[in-house]
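Student: just a sequence and a predicted model for now, questions to come.
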Amino acid sequence: MTAPILSLDRVDFHYDGNHQNVLKNLSLQISEGSVTALLGPNGAGKSTLLHILLGWLQPTSGDIRLKDRPLHSYTRREAGQMMALVPQIEHMPFDYSVLEYVLLGRTPYLNPLEMPRKEDLEASHHALELAGLGEMETRTVTSLSGGERQLVLLARALAQQPHVILLDEPTSHLDLANKVRLIRILRQLHASGSTIFLTTHEPDVAAAIASEIVLLRGGSLLTAGSVSEVFTEENLTAAYGVPVRIIQVDGQKVALWT
Ligand SMILES: Nc1ncnc2c1ncn2[C@@H]1O[C@H](COP(=O)(O)OP(=O)(O)OP(=O)(O)O)[C@@H](O)[C@H]1O
């Protein structure tokens, strides 16, 4: 196993005003260069965990390290150069063009009020091409469909050129063709050495791209490990509380609810 780029050690978390822990004694290591899929039922704590990993929420107790330092010791700018989030959805209040929105991904590299430089424009154009949005850069973000917006959020994260990319249910608004495009992009990023951590409600997407799977239930770790270890009928049935069958189609594992 390669060195962990992110590690959690006995992390507990509860939201203000509700003392029930949403994450419970969670220990986890994410290896550099891995693709980790986080699966679990609604309310398991997946989005909360993503926000903890980004440093947006502070654990109630326990430690989180990014590379060789505690996560809380990173400035926002340093953390922004290391990690990017692709949220599931984001309120887009202003009539930014697609290109302007994607350029926001370059903020961790710019000084306050500095105009984007040549390399920022190049990184943003490249990200738009990768996400299949090359033709759309002058459209306003408010005029886009849900799936197109999700691709813009992906492009913004790609423009950020992070070491670790975190994605919250990245296929939730995508049609089949764009789902395949996303899987290809994530495979490309993986091949170029990026670390990828995604939540998904689609076990098949997890099986298609992940090297590691983490199963969360009720804020606790059910199990974590390689796809062959974790993606089993027994584990998925325990995670979701409904009987799950796994079949193989052309060497690909597919989960069926029975
Ligand atoms: N801001 C908040 N204040 C209080 N409780 C919250 C807050 N956000 C989430 N929760 C609660 O924390 C628990 C975990 O929520 P979280 O959104 O992390 O789950 P999830 O696994 O991402 O769920 P889903 O699959 O439905 O998106 C849930 O019980 C939820 O109701």
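Tutor: Now that the structure is in, tell me what you want to look at.

Student: quick check: Leu215 is in a strand.
Tutor: Yes - according to DSSP: H, G, I helix; E, B strand; the rest coil, Leu215 belongs to a strand.

Student: so who does it touch?
Tutor: Leu39, Gly40, Leu221, Leu222, Thr223, Ala224, Val230, Asn235, Leu236, Ala238, Ala239 (CB atoms under 8 Å, 6 or more residues apart in numbering). C-beta: built from backbone N, CA, C; applies to glycine.

Student: secondary structure element for the fourth one, which one?
Tutor: Here Leu222 sits within strand 220-226, counting by DSSP states H and E.

Student: can you give me the buried ones in the helix or strand just after that strand?
Tutor: For strand 220-226, the following helix or strand on the C-terminal side (DSSP H and E) is helix 227-230. For helix 227-230, the neighbour count (16 or more other CB atoms under 10 Å) marks Val227, Val230 as buried.

Student: residues making contact with helix 227-230?
Tutor: Residues from elsewhere that reach helix 227-230 (CB under 8 Å, 6+ apart): Ala206, Ala207, Ala210, Ser211, Glu212, Ile213, Val214, Leu215, Thr223, Ala224, Lys253.

Student: among these, which are in reach of the ligand?
Tutor: Near the ligand, judged by CB under 6 Å from any ligand atom, there are no entries from those.

Student: now do the buried residues in the strand holding Leu222.
Tutor: Leu221, Leu222, Thr223, Ala224.

Student: coming back round to it: now the buried members of the contacts of helix 227-230.
Tutor: The neighbour-count criterion (16+ other CB under 10 Å) marks Ala206, Ala207, Ala210, Glu212, Ile213, Val214, Leu215, Thr223, Ala224, Lys253 among the contacts of helix 227-230 as buried.

Student: where does this protein dip in pLDDT?
Tutor: The model of the chain has pLDDT under 70 over residues 1.

Student: centre-most residue in it?
Tutor: Leu167 (1.9 Å; CA atoms, centre = their mean).

Student: hang on, it is in a strand, isn't it?
Tutor: Yes - according to three-state DSSP, Leu167 belongs to a strand.

Student: strands of this protein, start to end?
Tutor: With DSSP state E as the criterion, the chain has strands at 4-13, 23-31, 35-39, 61-66, 69-70, 83-86, 164-168, 195-199, 212-217, 220-226, 244-249, 252-257.

Student: need those strands in a markdown table (columns: distance to Leu144).
Tutor: Output for those, formatted as a markdown table (distance: least, CB to CB, whole Å):
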| stretch | distance to Leu144 |
| --- | --- |
| strand 4-13 | 31 |
| strand 23-31 | 31 |
| strand 35-39 | 26 |
| strand 61-66 | 32 |
| strand 69-70 | 38 |
| strand 83-86 | 15 |
| strand 164-168 | 18 |
| strand 195-199 | 22 |
| strand 212-217 | 31 |
| strand 220-226 | 36 |
| strand 244-249 | 33 |
| strand 252-257 | 31 |
